[in-house]
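Here is my input; please provide its structure:
(3 chains)
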Amino acid sequence: MTRYLTDFLRGLLRCRRGPWEMLATIFIAVGVVMLMQPLAIVLFSYSFVTLLIGVVMFLIVSHFPE
Amino acid sequence: MAGPSVADRIADRAAAATPMTVVRTVRGLTDRAIAWIFVAPTIFLLLAINIFPLIWTINLSFTNYRANRLTRPAEYIGLRNYERLLTDPDIWHNMQVTAHFVLWTLFFQVVIGFALAWLINRQFKGHGFWTTIIVLPMMLSPAVVGNFWTFLYQPQIGLFNYVISFFTGVDPSSFDMIGSVALAPWSIVIVDTWMWTPFVMLICLAGLRSIPESIYEAAEIDRASPWRQFWTITVPMVLPFLMLAVLFRGIENFKMFDLVVELTSGGPGSVTELASINLKREAFEKWRTGYASAYAIILFVTVFGLANIYVKALNKVKER
Amino acid sequence: MSAEAHSVVAPSTGWRRFAAVVVIAYALAMLVPLGWIFITGFKSPNDAIAYPPKVFFEPSLEGYVNVFTTRTRQSQEYMDSLPPPETWYDELVRSRNMVIAGPSRFGQRFMNSLIVGFGATFLTVFLGTLAAYAFSRFKVPLKDDLLFFILSTRMMPPIAVAIPIFLMYRTLGLNDTHLGLILLYTAVNLSLAVWLLKGFMDEIPREYEEAALIDGYTRLQAFRKVVLPQAMTGIAATAIFCLIFSWNEYAFALLLTSGQAQTAPPFIPTIIGEGGLDWPAVAAGATLFMIPVLVFTVLLRKHLLRGITFGAVRK
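Model (predicted):
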């Protein structure tokens, strides 16, 4: 697990595609959950920003080398 | 649009009419040029019908434009539309209605779809024929299907209520699937599940068939129990396929419009008012074009994000 | 859906029989709503709303007559003054104290669906084949981005797209025209067509073309005489998918057409008889509308999986 985590962080630092795409995916997923959750309207209010960050990040990092 | 056809025709005619030595020079159309000529019309059409309108929508989303008032010019009001949308409890409520619909349809479709695929993969006689029969509902027009289900859901005379009362003994006129606040959200889940379970089933079936036999043979030698084989081989191997199906159905149901609008048109009250139905009201009934554009952009971005993940899943499956 | 043996630990006969029973029971149960649409089309209005729902009834073509005609109710004196009915449908309508006033708009809506469906399919397949060939064979700059861009256009929520399209078409005068719908459906279908056809073309060995090029064919000739014939099955399957989509599409048709160019899906739910919806007529219209799709689905069954996954899953 720690091994996986350090690999992930190293990938981020070296601008590798895999980990960055993973991060963008997490942003998008969290954004979608925030958009549709029934718990707090504050989360709903900030869902769009989260989604937007995820999408823009995805568009950029999909051009990073493998 | 005329580009490729004309180029094609000219090149062909020239090639047919000229002797071999000249052909070599007519060949001047390099592969690169052909690639561009072939791709350009498609890209052009998509730019004109998808991207240009998208940019227009983004622009409109910062205004208070109303499409039914042609004389009044639009004023820029900054991010006010987004602000209002994202703090509106009613919109939040619509999102939860959408979430209810998406989550439950996905749940039922995955459970039933996977079980069916697993059973069909037992290769009984005639499984191909029955697969085709099961697939039929998903190819039909959702609007026409939704409209007809309102007939099946009629209290008293509807077939659905009759069947339920036949098995449970409840009076068929005592419940109204579409008219009651408690049941309406489930009525749309039932119809969508009826229609789209075959979709999940087909993709799961492909996943099951992609598992090489040798893996099971090895497990058999290791004396792994069928239960263990199911959880350590079948499920992980089918998972990428299942992800594909879930993402696609998730996106489709997130933007669901035709089936539900014909079935309940969002009612009673707003208990089945999915995001798209709400958006249609704002844009084409209340004509709050600027506000609706901001709404549309929020849905756009959500779907676009999910589509990114979908394509990632698609490539993963392709590698198999 | 091919039937190659894939069972490892060959399932026992008992299992197989159990699976068959469950699957067949499910298939039959799910067919009931479809079957109900079909038989309701042949019921008289009273049989259609009878309780308990009638499975056995005297078949009547009233629904089919009603879906194609408009009728007016007349007084008894007027009915008596008419000459005897000339045709069976005249007789059927008069037995309800009505006379046929003229044809309904159903035929025209059906025609619109055909025009838009075939127009969009033709255009999509034409453009899609060219683009797919280019993506399959040549190095197109930004290929992956373009392919993703093409696919993402398919995923967009139709209502969200419809707002600017509506404004754009209003400016261009394309609202409520066949051309407007054809262009729109082409744009939506192109993504599916390009992805599907690219998959089919990737499967055609490049050696065929290269041999043709060595024989002195130009690229375009090789494309026309070697690649196209090989891709024919794929093109046909793609065409059927596009046709089914255009045929079934509802949201754009509802928002962008009203009178002239409206297709059948938004029209069928509005078929109204005296006192509420005329269910046999709705069912008759729905049956006529769905039969082509059912036939095409059976024809397509080998390619269904490809079609619904944008060509990613082949088998």
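
Report the rounded mean pLDDT for the helix or strand where B:Y291 lies.
Using DSSP states H and E, B:Y291 falls within helix B:289-318. The pLDDT scores in helix B:289-318 average 88.

ditto for stretch B:153-168
So the average pLDDT for stretch B:153-168 ends up being 87.

Buried residues of that stretch, list them for me.
Neighbour counts over stretch B:153-168 (16 or more other C-beta atoms under 10 Å in any protein chain shown) mark B:Y153, B:Q154, B:P155, B:Q156, B:I157, B:G158, B:L159, B:F160, B:N161, B:Y162, B:S165 as buried. Any C-beta I mention is one placed from the backbone N, CA and C, and that applies to glycine too.

Kindly report the same for stretch B:79-93.
Within stretch B:79-93, judged by 16+ other C-beta under 10 Å, the buried ones are B:N81, B:Y82, B:L85, B:L86, B:I91, B:W92, B:H93.

before we move on, back to that, nearest to C:L172, out of the buried residues of stretch B:153-168: which one, please.
B:Y153 (41.0 Å; C-beta to C-beta).

And the next helix or strand past whatever helix or strand C:L192 lives in?
Assigned by DSSP H and E, C:L192 belongs to helix C:178-202. Following helix C:178-202 in sequence order, the next helix or strand is helix C:206-214 (DSSP H and E).

what about the following helix or strand past that following helix, average pLDDT?
Next along the chain after helix C:206-214, taking DSSP H and E as the criterion, comes helix C:219-222. For helix C:219-222, mean pLDDT is 84.

The chain: strands as residue ranges?
Unless you meant another one, I'm taking chain A. Taking DSSP state E as the test, none of chain A falls into strands.

wait, I meant chain C there
C:69-73, C:98-103.

And the first one, what's buried?
Same thing as strand C:69-73. C:T69, C:R71.

So which elements touch it?
Here strand C:69-73 touches helix C:88-94, strand C:98-103, going by 3 or more C-beta pairs under 8 Å, 6 or more residues apart in numbering or on different chains; DSSP states H and E.

Run the contact check for the helix or strand where B:N59 lies versus chain A.
Assigned by DSSP H and E, B:N59 belongs to helix B:52-60. No: Helix B:52-60 does not reach chain A (C-beta under 8 Å from any C-beta of the partner chain); its nearest approach is 12.0 Å.

Give me the buried stretch members for that helix, please.
B:P53, B:L54, B:W56, B:T57, B:L60.

ok, so of these, who is nearest B:S174?
Nearest to B:S174 among these: B:T57, at 46.3 Å, using C-beta to C-beta.

got a list of what that closest one touches?
Residues in contact with B:T57, defined by C-beta atoms under 8 Å, 6 or more residues apart in numbering or on different chains, are B:S293, B:A296, B:I297, B:F300, C:A160, C:I163, C:P164.

Run a quick neighbour tally on the second one.
B:A296 is flanked by 29 other residues according to other C-beta atoms under 10 Å in any protein chain shown.

And for C:E58?
9.

Residue nearest the middle of the chain, spatially speaking?
Let's take chain A. A:A24 (2.6 Å; C-alpha atoms, centre = their mean).

Oops, wrong one, chain C.
Against the mean C-alpha coordinate of chain C, by C-alpha atoms, centre = their mean, the closest residue is C:I244 at 2.9 Å.

near chain A, which residues of chain B show up?
So far as C-beta under 8 Å from any C-beta goes, chain B lies against chain A at B:82, B:86-87, B:89, B:92, B:95-96, B:98-99, B:102, B:298, B:301-302, B:304-306, B:308-309, B:312.

Not counting sequence-adjacent ones, nearest residue to residue 53?
Going with chain A. A:F27 (5.4 Å; C-beta to C-beta, 6 or more residues apart in numbering or on different chains).

Wait, chain B was what I had in mind.
C:P164 (3.4 Å).

before we move on, what about B:W56?
Nearest to B:W56 is C:P164, by C-beta to C-beta, 6+ apart, at 4.3 Å.

which residues touch that neighbour?
C:P164 touches B:F52, B:P53, B:L54, B:W56, B:T57, B:L60, B:S293, counting by C-beta under 8 Å, 6+ apart.

and if you look at C:F135?
Residues in contact with C:F135 (C-beta under 8 Å, 6+ apart) are B:V39, C:K143, C:L146, C:L147, C:V194, C:K198.

Flag every buried residue along stretch C:141-158.
Across stretch C:141-158, burial judged by 16+ other C-beta under 10 Å covers C:146-158.
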